[in-house]
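# let me see the structure of the following:
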Amino acid sequence: MAKEHLAVIQQERGARPAVGHRPTPSPGPKDLLVQVKAVSLNPVDVYMRDVGFMLEHYPTVGGNDIAGVVVSAGSSVPASDFPVGTRILACAAVFFKKGDPDYGSFQQYVLVPAKSAVRFPDEMTFTTAATLPLSVLTAWTGLNGAGIPVRASPLPSGSKEGLLIWGAGSSIGTAALQVAASLGYSVYVTASSKQHSHLKKLGATAAFDYRDDNVVEHIVQAAKHDGVIVQGGFKAVGDDEVLKKCMEILNSTKKPDTVARLASSLPLMPDAPKVPGVEAVFIDPPENEDERLAYINWVYGTWLKERFGTYVPSQVIQLLDGGLEVINDGLDKLAGGVSGTKFVVEI
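Numbering: from 1, shown residues only. Take a look at the predicted model:
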């Protein structure tokens with residue numbers, strides 16, 4: 001194997017990343033070395049590139065979603081788990097490694113903790129597989145922040161427990177909808193009107209246009225009409241104005257004298273809006289590495305693995321031609337606002 005490979009390298013915080021060569025690493029005892037075949041682009045990738053979110057190490061390589069082929073495995077990884085040539089999807093660990101460039105997905109070869117990888121079916125393309133890791137992991141993490149326990153069992157038939165998902169048309173929102181619906185929750189979602197029919201097929205109880213000036217009132221009325229208590233919510237997209245709307249909805253639909261929980265996929269600033277009776281939290285997997293890897297392993301190796309073939313990948317996939325060279329342009333487009341489309345780059 002080559003001693004070096006191409007990567008999208010960011011030399012320092014705020015600098016524009018550029019394609020260059022970097023050393024190809026060897027896997028540590030618990031890692032896999034993966035040849036990247038496809039990556040998808042996410043809002044958090046923009047946030048990491050532009051403001052250095054969660055990054056301490058520079059030069060760094062960004063990127064979270066990976067679909068690729070196992071090249072070699074560390075000494076502690078059982079040979080039968082990931083033989084050379086195994087097709088896997090994974091969420092890159094660069095976020096948790098504080099920017100260690102060996103663990104970012106925007107390069108030809110990447111290190112991946114073996115517990116955060118899962119084989120995907122032969123009939124699934126690398127392009128489709130690359131859209132799954134971060135969305136599914138963030139969906140479960142967000143729902144956990146909203147009060148749904150990890151490894152939760154389905155609710156009893158006829159349950160009147162509900163969940164709010166703002167931005168259900170996003171990759172994360174669509175994943176969260178499928179998780180919540182599979183657990184038996186009545187799910188009230190917002191998205192553009194063109195996506196409503198699709199989201200209802202995925203399990204949404206009711207869908208609302210986020211651009212409607214009266215969307216808060218309409219969601220509250222629908223939940224009360226259905227006799228549903230909405231004690232938790234997940235803001236998959238949106239700014240502080242959206243945060244406030246979500247909190248107002250929960251404050252009007254929760255059980256009296258209780259605190260509802262709203263999970264946000266973006267960090268909460270100190271001056272973020274506050275509404276009595278609602279606690280807003282930024283979603284984040286466990287800080288302890290062993291606990292986090294066990295959690296990620298369950299999300300991919302159990303929950304997602306059991307649903308290959310029935311889980312519906314989110315959004316319309318748009319391939320960006322040009323390999324690593326077009327990743328920055330793709331992130332720029334994503335930063336400018338994209339609805340219902342997932343950018344994927346084949347490496």
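# number of nearby residues for the nearest residue to Ala93 once chain neighbours are set aside?
If you skip the residues right next to it in sequence, Ala93 has Tyr103 as its closest partner in space, 4.3 Å away by C-beta to C-beta, 6 or more residues apart in numbering. In this view, the C-beta of every residue, glycine as well, is placed from N, C-alpha and C. Using other C-beta atoms under 10 Å, Tyr103 has 25 other residues around it.
# buried stuff in stretch 63-73?
Within stretch 63-73, the residues scored as buried using 16 or more other C-beta atoms under 10 Å are 63-68, 70-73.
# picking that back up, wait, the residue nearest to Ala93 sits on Ser116?
No - assessed by C-beta atoms under 8 Å, Tyr103 is found out of contact with Ser116, at 10.2 Å.
# shaky segments in this structure?
Counting by pLDDT under 70, the chain contains low-confidence residues at 1, 315.
# what ranges do the helices span in the stretch 51-200 of the chain?
Taking DSSP state H, counting those that start in this stretch as the criterion, the stretch 51-200 of the chain contains helices spanning 126-129, 133-145, 171-182, 196-201.
# just how off-centre is the longest one within its chain?
With C-alpha atoms, centre = their mean, to the nearest Å as the basis, helix 133-145 stands 6 Å off its chain's centre.
# show me what that helix is packed up against.
strand 65-73, strand 87-91, helix 171-182, strand 229-235, strand 260-264 (3 or more C-beta pairs under 8 Å, 6 or more residues apart in numbering; DSSP states H and E).
# Val237 contacts Thr174, correct?
No - counting by C-beta under 8 Å, no contact exists between Val237 and Thr174, whose distance comes to 11.4 Å.
# list of residues touching stretch 324-342?
If you take C-beta atoms under 8 Å, 6 or more residues apart in numbering as the criterion, stretch 324-342 is touched by 6-8, 16-17, 19, 39-43, 45-46, 49-50, 63, 106-108, 131, 169, 171, 192, 194-195, 314-318, 320, 343, 345, 347.
# from the residues you listed, which land in helices?
In helices, defined here by DSSP state H, the members of the contacts of stretch 324-342 are 43, 45-46, 49-50, 171.
# just put these in TSV and tack on neighbour count.
Formatted as TSV, the entries for those read as follows, by neighbours: other C-beta atoms under 10 Å:
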residue	neighbour count
Pro43	19
Asp45	29
Val46	19
Arg49	26
Asp50	14
Ser171	29
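# distance to Pro156 added to those, as JSON lines?
JSON lines is the format used below for these (distance: C-beta to C-beta, whole Å):
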{"residue": "Pro43", "distance to Pro156": "36"}
{"residue": "Asp45", "distance to Pro156": "40"}
{"residue": "Val46", "distance to Pro156": "41"}
{"residue": "Arg49", "distance to Pro156": "45"}
{"residue": "Asp50", "distance to Pro156": "46"}
{"residue": "Ser171", "distance to Pro156": "30"}
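# how about the helices of the stretch 51-200 of the chain, which one is nearest Lys97?
Closest approach to Lys97 among the helices of the stretch 51-200 of the chain (C-beta to C-beta): helix 133-145, 15.2 Å.
# pull the closest one out as PDB, backbone CA atoms only.
What follows is helix 133-145 as a C-alpha-only set of coordinates in PDB (Å, rounded to 0.1, in the frame of the first residue of the first chain):
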ATOM      1  CA  PRO A 133     -23.900   6.900   9.700                       C
ATOM      2  CA  LEU A 134     -24.100  10.400  11.100                       C
ATOM      3  CA  SER A 135     -27.900  10.700  10.500                       C
ATOM      4  CA  VAL A 136     -28.800   7.500  12.300                       C
ATOM      5  CA  LEU A 137     -26.300   8.100  15.200                       C
ATOM      6  CA  THR A 138     -27.500  11.700  15.600                       C
ATOM      7  CA  ALA A 139     -31.100  10.700  15.500                       C
ATOM      8  CA  TRP A 140     -30.700   8.200  18.300                       C
ATOM      9  CA  THR A 141     -28.600  10.700  20.300                       C
ATOM     10  CA  GLY A 142     -31.200  13.400  19.800                       C
ATOM     11  CA  LEU A 143     -34.100  11.300  20.800                       C
ATOM     12  CA  ASN A 144     -32.100  10.200  23.900                       C
ATOM     13  CA  GLY A 145     -31.700  13.900  24.700                       C
END
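# next, the angle strand 260-264 makes with it.
Interaxial angle of helix 133-145 relative to strand 260-264 (axes from the mean of the first three to the mean of the last three C-alpha atoms, to 10 degrees): 160 degrees.
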